[in-house]
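A.B. asks: got a structure for you, letters missing:
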């Protein structure tokens, strides 16, 4: 493409930006102009295993060999006009994958595309051991072949929809919907297909995903780490593990750090804790929100720029645990962007 | 975006097309103009399980409930000027995911973006039970909890790099490279991270991915089904299962159908079998190529428009099993497009 065409493309992209900023529409019917897209892995290490297959005769695999484990799949897109805007790194939660941030179950635009259209580079990852990031299944083959005891297996958790309904706050009981719920409840059959088994076992140790984040932020540069639920703690742990370039942390409905951590690691990193509706009275999430309030108070006393965005407090009602997929998901993204851009 | 800007976008995109056709460059430095992108699932069904977790006390999952299984994750991108061009549906092979078609391990453009830049809609899927498509792990939890015998486990195959080296024809022995090999061998550490366990057990039955393909082609419209290796047979099976709108099948280094199948299902669907270098003499792939030649002869006698593209026959040397990632991957894509566009 010659320089003239490039100028048209750049002009076109610049023209989209102000239009988007001025209207509530997502601009989703306008062509998307992308400077670059692609995927790669961060983290990971070699593992030698004698249990790579159950069938020793399998001609392609054999049972013994070297594989890579604990790597993290990352897909990215960069707008043509990112300027000095930081990149959003979107980290999904339990029993989900990077799909979380893409097209909503009822077919609306996800945060991945919306943030890109707002001029931000976007990096979407699959946690280590899930989605396109390989899981070590040696133990399963070893037990299958009688070379290890069943107790050595790591089990997975894979919430059924009955338990998920209340845990994700679609309603007070399975099949009952909260009045004013923002989730596109008619599209739940599509949402259930997003859910995958989660083999995460922490045993007090950080996830391999956390270990890979410093490599990612070193590569990406200025980053906004967005976590959700089970990954809520990851950005905090990644900074404790030495992650640089973290402009902001946006932790959506996740566990907050302990009160005794070293607050000096945050420096100028700004932190936003985002929670939806029906939280304080919820047996699972209420205590977590209370802990987050306590942590925030401690952090602020230590000079950390930490804020809470409890959506009902600002008049945004009806949001559940999957607020990035709710009907007002772009309104919530706008709130986060307004917070990010206010400094 | 107003109509004027849309016209510029359309013009811009039209301008990229001829430029790409005239030069070997991928156009990868030019902005990418996309009419739409997103993701969804096809296929799948409900499963009620009593083994969704190993820990009955797990407050989010519980051990019993209903989950969705056998669905297929699909990510798509559409160019602004697709016109009447069919969509490419890219189906990865064994022990890999949709990542296969994205950025190559050494950072070059994958077929997903190249085909899009050439004006084709592109759909990339993760096979059922792999990547972002959930795997049923009930049996693992059942064995872990002592409620089922180890023999009930389905083992996975996960080829180590030592076995993969020769199976994927990087060289005659692990660590030895074929002279003139097109694979970016220096980037193998990144490639190994793409490999994931493959729980595929067919037992003579079609994969759930095959069952989902008719739904996908009904949704997409005119489609070119591209399969690779373990998925080689899927497009053929999908047509036997009633898939409509299949303009062409491009089967890359996969098993061909049996000689006795019903050839009438193909109608006007054109079929291209693509194979790389060092195949006839390879103990794994040589017999498969020979079978494909036999099938092609039978198919042609039945009036099917079936062709073989054995790359060394047209002077393209050094390609291995991962030819969509080879240094000359765009040249091979061009060959396939030339075949597709010749009618």
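C.D. replies: Perfect, thanks for sending it. Since we're looking at a predicted model, the values are computed, not measured. Numbers count the residues shown, from 1 in each chain, chains lettered A, B, ... in the order given.

A.B. asks: Could you say whether the residue of the stretch 201-343 of chain A found nearest chain B sits in a helix, a strand or coil?
C.D. replies: Nearest residue of the stretch 201-343 of chain A to chain B (Cβ to the nearest Cβ) works out as residue A:284 at 6.1 Å. In short, each C-beta sits where N, CA and C put it, glycine included. Three-state assignment for residue A:284 (DSSP: H, G, I helix; E, B strand; the rest coil): coil.

A.B. asks: where does the stretch 201-343 of chain A dip in pLDDT?
C.D. replies: The model of the stretch 201-343 of chain A has pLDDT under 70 over residues A:201-204.

A.B. asks: and the residue of the stretch 1-150 of chain A found nearest chain B, what are its bridge partners?
C.D. replies: Closest residue of the stretch 1-150 of chain A to chain B, Cβ to the nearest Cβ: residue A:65 (1.6 Å). On the basis of DSSP bridges, residue A:65 is bridged to residue A:49.

A.B. asks: Does it touch residue B:163 like I think?
C.D. replies: Yes. Shown here, residue A:65 and residue B:163 form a contact pair, counting by Cβ atoms under 8 Å, at 5.6 Å.

A.B. asks: Show me what the spatially most central residue of chain A is bridged to.
C.D. replies: Nearest residue to the geometric centre of chain A (Cα atoms, centre = their mean): residue A:91, 2.0 Å. For residue A:91, the beta-bridge partners are residue A:125, residue A:227 (DSSP bridges).

A.B. asks: Pull the contacting residues for it.
C.D. replies: Listed by Cβ atoms under 8 Å, 6 or more residues apart in numbering or on different chains, the contact set of residue A:91 reads A:125, A:127, A:209, A:225-228, A:231, A:234-235.

A.B. asks: Which single residue in the stretch 151-300 of chain A comes nearest to chain B?
C.D. replies: Closest point on the stretch 151-300 of chain A to chain B, by Cβ to the nearest Cβ, is residue A:160, at 1.6 Å.

A.B. asks: my guess is that residue meets residue B:69, correct?
C.D. replies: No. Using Cβ under 8 Å, residue A:160 is not in contact with residue B:69; the gap is 11.7 Å.

A.B. asks: burial count for residue A:197?
C.D. replies: Counted by other Cβ atoms under 10 Å in any protein chain shown, the residues lying close to residue A:197 total 25.

A.B. asks: Residue A:83 too?
C.D. replies: A count of nearby residues for residue A:83, using other Cβ under 10 Å, gives 8.

A.B. asks: Could you grab the helix/strand/coil label for it?
C.D. replies: coil.

A.B. asks: quick one: contacts for the residue lying closest to it once chain neighbours are set aside?
C.D. replies: The shortest distance from residue A:83 to any non-neighbouring residue, by Cβ to Cβ, 6 or more residues apart in numbering or on different chains, is to residue A:119 (7.1 Å). By Cβ under 8 Å, 6+ apart, the contact set of residue A:119 is A:17, A:79, A:81-83, A:85.

A.B. asks: got it, and residue A:75?
C.D. replies: A:37-39, A:98, A:123-125, B:102.

A.B. asks: Looking at residue A:160 and residue B:69 now, which is surrounded by more residues?
C.D. replies: Between residue A:160 and residue B:69, residue A:160 has the larger neighbour count (other Cβ under 10 Å), namely 25 against 21.

A.B. asks: quick one, phi psi at the more buried one?
C.D. replies: Residue A:160 adopts backbone torsions of phi -70, psi 160, taken as degrees, to the nearest 10.

A.B. asks: per-residue confidence at it?
C.D. replies: According to the prediction, residue A:160 has pLDDT 95.

A.B. asks: give the contact list for it.
C.D. replies: With contact taken as Cβ under 8 Å, 6+ apart, residue A:160 is in contact with B:49, B:52, B:61-62, B:64-67.

A.B. asks: Now with 6 Å, please.
C.D. replies: Going by Cβ atoms under 6 Å, 6 or more residues apart in numbering or on different chains, residue A:160 touches B:52, B:65-67.

A.B. asks: Which member of those is positioned nearest chain A?
C.D. replies: Checking these against chain A with Cβ to the nearest Cβ, the nearest one is residue B:65 at 1.6 Å.

A.B. asks: Looks like the closest one contacts residue A:158 (just checking).
C.D. replies: No. In this structure residue B:65 lies outside contact range of residue A:158 using Cβ atoms under 6 Å: 8.5 Å.

A.B. asks: ranges for the helices of the stretch 201-343 of chain A?
C.D. replies: A:208-220, A:234-240, A:286-301, A:329-341 (DSSP state H, counting those that start in this stretch).

A.B. asks: Looking at the ones you listed, which is nearest to residue B:342?
C.D. replies: Closest to residue B:342 of these, according to Cβ to Cβ: helix A:208-220, at 42.4 Å.

A.B. asks: got the buried residues for that closest one?
C.D. replies: Within helix A:208-220, the residues scored as buried using 16 or more other Cβ atoms under 10 Å in any protein chain shown are A:208-217, A:220.

A.B. asks: Would you format the contacts of residue A:91 as a markdown table with distance to residue A:111 included?
C.D. replies: Below are the contacts of residue A:91 laid out as a markdown table (distance: Cβ to Cβ, whole Å):
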| residue | distance to residue A:111 |
| --- | --- |
| A:125 | 14 |
| A:127 | 17 |
| A:209 | 19 |
| A:225 | 14 |
| A:226 | 8 |
| A:227 | 13 |
| A:228 | 10 |
| A:231 | 15 |
| A:234 | 17 |
| A:235 | 16 |
